[in-house]
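Student: sharing a model prediction with you, sequence too.
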Amino acid sequence: MKNFKRYFLAISLGLLATTAGMACGWDGDDPSFYDLFRCTRPLPNLQDQHTDESVQFWGRYAGLPADDALKDAVRYLRLQDFEDGDDETLPNLLVSTLREQGKTDGLALLQLNTELNELVESTQFWYYQKVTPEQYQEVLDKANKLKVGKDLAKRLTFLKMRILSRLNDNDAMMRLWNNDASQWEPSEIRDRMEGYVAGIYFRKGEYDKALPIYFRLRDGGSISLCVNRMLDSTSIEEAYQKDPNAMILPYILEDYANYFYHASQHDYWEQGDDDYKIWTKVTREREGVVALAEKVVAEGKAKDLQMWQTFVGFMQLITGQENLAYQTLTKAEDLPGSGSMDKLIRHYKFAASLAMDPKPEEPEKFEQYVADEIKYYKEVGHFLNEPEHGVLNGLYGQEIAKRLQAYVDQRQDPSLSFLTRYVLDSNSWELDHQTPTKQVQELQYYVKHGGDGPLGECLVRYCFLSQDFFNELIGTKLIREGNYEEAKEYLEKVSDDYLRGKGITPYLMKRQLPDTPFQRKDRSEIWDLDVSEVDNIKYQFCLQVLSMKDWLNEAKGEKKAEVAFTLANMLFQASPAGDLWAISEYSWSSADYHYNEMNDQADHYLKLALDCTDDFDMKVKCHFGLAANPTSKGETYLRYDHDKKHYYICTPEGPQREAYNWLHYQTKRDSPIYESCDWLKCYIADNYEAY
Amino acid sequence: MQYRLLTFAKNSCLMLCWGILLALVCACTPRGSEVPEPANAVYYWRQELKLTADERAFLERHRVGKVYLHLFDVVRRNGEPSPATTLQFVDTLPPQTQVIPTVFLATNVMNDTTGLSALPRLIAQRVRQMMEQNGLSTPTELQIDFDWTRRNQERYFDFLGKLRTAFEAEGGTTLSATIRLHQLGMKAPPVDYGALMVYNVGNLSDPDEECSILSEKRVEPYLRYLPSYSLPLCAALPVYSWNLLFHDRRLTCILRGVDIGDTARFKPIDASHYLSVEYQPIPPTGVAMRGEGRIFPGDIVRHEFVPPTVLQSVRRSLEELRPKMCSQVILYHLDENQLKQYSDEELQALFSGN
C-alpha cells in the first residue's frame, strides 16, 4: 500500500491540476511584479482554490468534513476504487461513503470524473496507455447518457466542459456555456466554467475578451499571460483613445516603466554610433510616453490620474530630474486615483529628496524623515507576503540605496556610512573581510552607545549587530593578527547562546590536535563528526597559545625547539590548512580562509625551533612543517580531488618550496616521513620533475 | 613429393575453408562498420511526432534508414524516477525506417538510489508499450541518453547492465548509449555501441564563445582518445542553429521564433552577432514571463550555426582517426526549419562523406 501510494503521489499533483481546469496553462509565481514601478496588484493563482472547491463540493455531497482525509480521498482516487473485490488496500473514503449512502448517480459521476483524470494523466504513468480522442469521446458519451439529480447537474456539465476541452471542441464548449452555465447563479463552479470560455478566447487571440473574465475570476496567472500577449500588440495611445480606463493600460504603463528604467541603467556607449542611435531612440520613446501621460492627466478622462502622474514622476526620477520629480509627485498626491500609487509616491519622493539640494525640509527634520523612511522600509519591506515587498526591495536595493548612501557619506562619519550599507543589504562580508580591527572597534562603541542623532539611532536599531557579534568578530580578527592578549579579552565576553546560534557550531567544536603534526584529516571526515559540545574554543585557544608562549620564554635549547614546534603545529592546525577548528571549512569565501595569518605565525615558530635545535629528527620535523605550511595562502593548499580520489598540491613557492627541497635532499625517499604523509608523497609524485 | 602435394592440397583446403568462413563473416557484418546495420540516421527530438511534407521528403531522398525517436525523459519527481515529456504520436514514420526508441535520463536520476532498482524494468516495459501501442514493431534496440560523470559512472553502468537484462526480457537485443566528447577519456559504458555526440561542445552562456554547438578547436582536444576508445561508435552531428540572447553579457534565453534578419529590430554587428535596437517581446516559449520576457535595446543576439565546411571537416577528422565510425552518421535533429539551412548535397555529404 505504501509503495502504491507513493506511485500515485506523482499522479496526484497533475490530477489536481486537471480538476482545476484552467485556461492558459500558466504555471508559476505572480509574474506581473516589476521591481520598481507597479500600479497593478498581485493576483492569486487559482489552482489551490479549485482543488478546495472540488473537495468541498464532494464533502458537502457526501456529508463528510472537507479535511485532509477527504482531500486524500479525492487526490488518490482511481478507477480501481470503484471495482468490487477483495482488494487488500483500504477502500477510498469518498467512494465507500457514497456506496453506503446508496448515492449511485454520485458514484457514477465520480467514476467518470476519475476516468477522465486517468486519461489526462496517462502519459505520466510508468504504465503507458495511449490516449486517443475516441477515448475522450467515449467518456463524453457516457456523460451524456448519465442521469443525475439536480444537486449533481452542474457538476456533470462541468465534467462535459472538461472533456470537450480535451477534444478541442470550442463550439460545443461555447454552446454549453451559453445555453446552460451562463445562466447559473454566481458560484465557484460557474467561475470555473467561465474560465474555459476565457481559455477559448485566449487561444483564438481574442485577449480583450479573455482579460475581463480573468480579472473577474482574479486569475493572476492567466491575466499575466493575456496581458503579455496584449502588450506585444497593443499601442498605449490606441488603447487609451479606445478606452481611457482600459484594463490593459496599467500593465502597459508598468511595462514601459520597466523598459525605461532598464534602459536608464544600460551603458549605451560601448557600441559607439549604434548605441547612440539606440539611446536617442529610447529617449524619444520615453518622451513620447511621458507626453501621453501628461496629456492624460490634463484631459482628466481617466479615473486613475494619480497613476499617470506617478509614471511621469518616476521617469523624471530615473533621468536625474529630482527636483522636478519631487514636484510632480507632490501634485500626484492630490490627484484622483485608486490609492494603489500612494506608497510608491511616498518612496519616489523620498528617493528624489535624498538627491535634492537644498532639501525640501530643515536639516534636522530631514534627518528624522530619513530615519522614519528607513524604519518603514525595515518594518514593511522584509515581509515577503506584503505586496510592497518587491517594490521596496527594488527601490532600496537600487535607486534609494545609492541616493541614501551618497547622502550619508557626505556626513563623513565612517560608522554611519558603514551602518547604512549594512542596514540596506545586511551583508557582513565587508565587516569580516575588509574593515580593519580598529574601525570595527569604533563601530562596536558606536553601536553600544545607541548611535548619534535620529539617523544614527535608527541605523543602530535596524543593524541588529549585537555586542556578542562584535566581541567574536574583533576577537577573531585579533587572533588572525596574532594579538592573543587582546583577543582573549573580547572572546571571553562572547556568550554560549551566541555561539550556538551562529550556525557554524560544528566548526567551533572542541577538537583534539591530530596525532601527526602538520597533517590533517580527510576533510570529508570533518563533515560527518557529531557535535557533542559547544565551547568558546577561540577563547580557550587564546589561553593555550598564551600559556605556550610563557612556556616558550622559559624553555631553553632542545626543549625550546620542542615547545616552538608544538606551538607552530597548534597555529598551523588553527589555520585554513589545518583542522583544529576547521573554521576555514565553513565557506571558501570565509574571511578566515583569506585573511588568516596563522600560517605566518606557525612559520615564525618553526624557524625559531630550527634555530634552537641541533637534532636532525627535529630538523626534519620542522622542515616538514614548513613544507606543509602554505604561507602564501590559497593556491598552495592541499586539495582533494573527489573525482580522482587523489590529493594534489600546486607547486609551492618560497619557504614551502625550500623546505620540500631540503627534505628531498637531506632525507631518503623511503624515510618513514614519506610513508606517513600523503602530502609529501603527493608532492613528490606531482612535482618530481620540479626538482 | 607426394607428401608435399598432399600437404599442399590439405593446406589449400584449409585455406579455402578459412576463406569461406571469412566471406561468411564479412557477409554477416557489413563491411567497414562499427554499428549493426549502419544506415543514414536522424534523431527525432520533438514532443509531438508529426512530420511535415518536407521532412518526409528528406527521409525519403536521403534514404534515412533509422530514426532515433525520443520517447520520453526520466526525471525525479517527488524523489522517484518518473517519465516526463512523453512523445505524442500524431503521425507515423515512413514504414521502411527502423525506429530506435531513445530515452533521456535527467542528471538527477542517478543522484540517489531511490527507485533505481526498478527503473530498468519500468523503462524497458514502457518503451515496448509505447512502440506497440502506436503501431511500431517491438523494439530490438534501445538508446539511452545520459550525461554521466565519474561520480555517478558506477551507478549508471550498473543501471545499464540491468537495463540490458530487462530489455532482453521485453524482446530487445541491442543497447546503445550516447557518448559525449568529454566521456571519451573515461571508461566506456557496458552497451553494444555508442553514438558520439559531436555537438554542444562549448559554453553556451559565455558571451565570448564563438559557437557553442560545434567548433573544431573545441573538438580537437578530445580526438586523441578516439582511436583507442573501446566501444564501437557512430557519429552524431548537429544540423541545428539557435539564437542566444545576452543582456549585459549575461545569457537571458535561447530565442525562438525571432527573425534576427528583421533590420528594424536587429542590426548585424558581425557574421554571428546582432544588436537589438528595439524593446520587443520574447515570443512565448512557456517560460518567458513579464518583466523578464523582453528584449531590450542594446541586447546582443548570438546566432550559432555550424557551417557545412566545419561539419565536413570534423567528420573527416573523425573518419581519419577512426575510419569505420562514420559508416553511420546520425543527424541531430529532424526539423525542416533547421535542415533547410543546408543544401541536399551538403546533407548527403554528411551521411556519406562525399
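Tutor: That came through fine.
Student: so for the host helix or strand of residue A:622, what gets flagged as buried?
Tutor: When secondary structure is defined using DSSP states H and E, the element that contains residue A:622 is helix A:616-628. Of the residues in helix A:616-628, A:618, A:619, A:620, A:621, A:622, A:623, A:624, A:625, A:626, A:627, A:628 count as buried by neighbour count, 16 or more other Cβ atoms under 10 Å in any protein chain shown. All C-beta atoms are positioned from the backbone trio N, CA, C, and that covers glycine.
Student: now render those residues as a markdown table, adding pLDDT and distance to chain B.
Tutor: Compiled in a markdown table, those are given as follows (pLDDT from 0 to 100; distance: Cβ to the nearest Cβ, whole Å):
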| residue | pLDDT | distance to chain B |
| --- | --- | --- |
| A:618 | 90 | 42 |
| A:619 | 90 | 41 |
| A:620 | 84 | 37 |
| A:621 | 86 | 37 |
| A:622 | 90 | 38 |
| A:623 | 87 | 35 |
| A:624 | 83 | 32 |
| A:625 | 86 | 34 |
| A:626 | 86 | 34 |
| A:627 | 80 | 30 |
| A:628 | 77 | 28 |
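Student: okay if I get these as CSV plus distance to residue B:283?
Tutor: Formatted as CSV, the entries for the buried residues of helix A:616-628 read as follows, by distance: Cβ to Cβ, whole Å:
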residue, distance to residue B:283
A:618, 74
A:619, 73
A:620, 70
A:621, 69
A:622, 69
A:623, 67
A:624, 65
A:625, 64
A:626, 63
A:627, 61
A:628, 59
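Student: need phi/psi at residue B:294.
Tutor: phi -130, psi 150 (degrees, to the nearest 10).
Student: err, residue B:197, not the other one
Tutor: Backbone torsions of residue B:197, given as degrees, to the nearest 10, read phi -80, psi 100.
Student: show me what contacts it?
Tutor: For residue B:197, the residues meeting the contact criterion (Cβ atoms under 8 Å, 6 or more residues apart in numbering or on different chains) are B:178, B:179, B:180, B:181, B:236, B:332.
Student: quick one: secondary structure of the fifth one?
Tutor: At residue B:236 the chain is in strand, as set by DSSP: H, G, I helix; E, B strand; the rest coil.
Student: and it, how many neighbours does it have?
Tutor: Burial measure for residue B:236: 23 neighbouring residues, criterion other Cβ atoms under 10 Å in any protein chain shown.
Student: domain assignment for chain B?
Tutor: For chain B, whose domains are defined here by automatic domain parsing, the residue ranges read B:39-239+B:306-352, B:246-301.
Student: right, so of the ones you listed, which gets closest to residue A:344?
Tutor: Shortest distance between residue A:344 and the domains of chain B, using Cβ to Cβ, is found for domain B:246-301: 16.3 Å.
Student: what about that closest one, distance to the chain center?
Tutor: 28 Å (Cα atoms, centre = their mean, to the nearest Å).
Student: mind checking the end-to-end distance for it?
Tutor: The first residue of domain B:246-301 is 6 Å away from its last residue (Cα to Cα, to the nearest Å).
Student: what is the rounded mean pLDDT of it?
Tutor: Mean pLDDT, domain B:246-301: 82.
Student: residues near residue A:102, how many?
Tutor: Applying the criterion other Cβ under 10 Å, we find 8 residues in the vicinity of residue A:102.
Student: what about the nearest residue in space to residue B:90 that is not next to it in sequence, distance to residue A:613?
Tutor: In space, not counting the residues next to it along the chain, residue B:90 is nearest to residue B:50; the distance is 4.5 Å by Cβ to Cβ, 6 or more residues apart in numbering or on different chains. Relative to residue A:613, residue B:50 is positioned 83 Å away (criterion: Cβ to Cβ, to the nearest Å).
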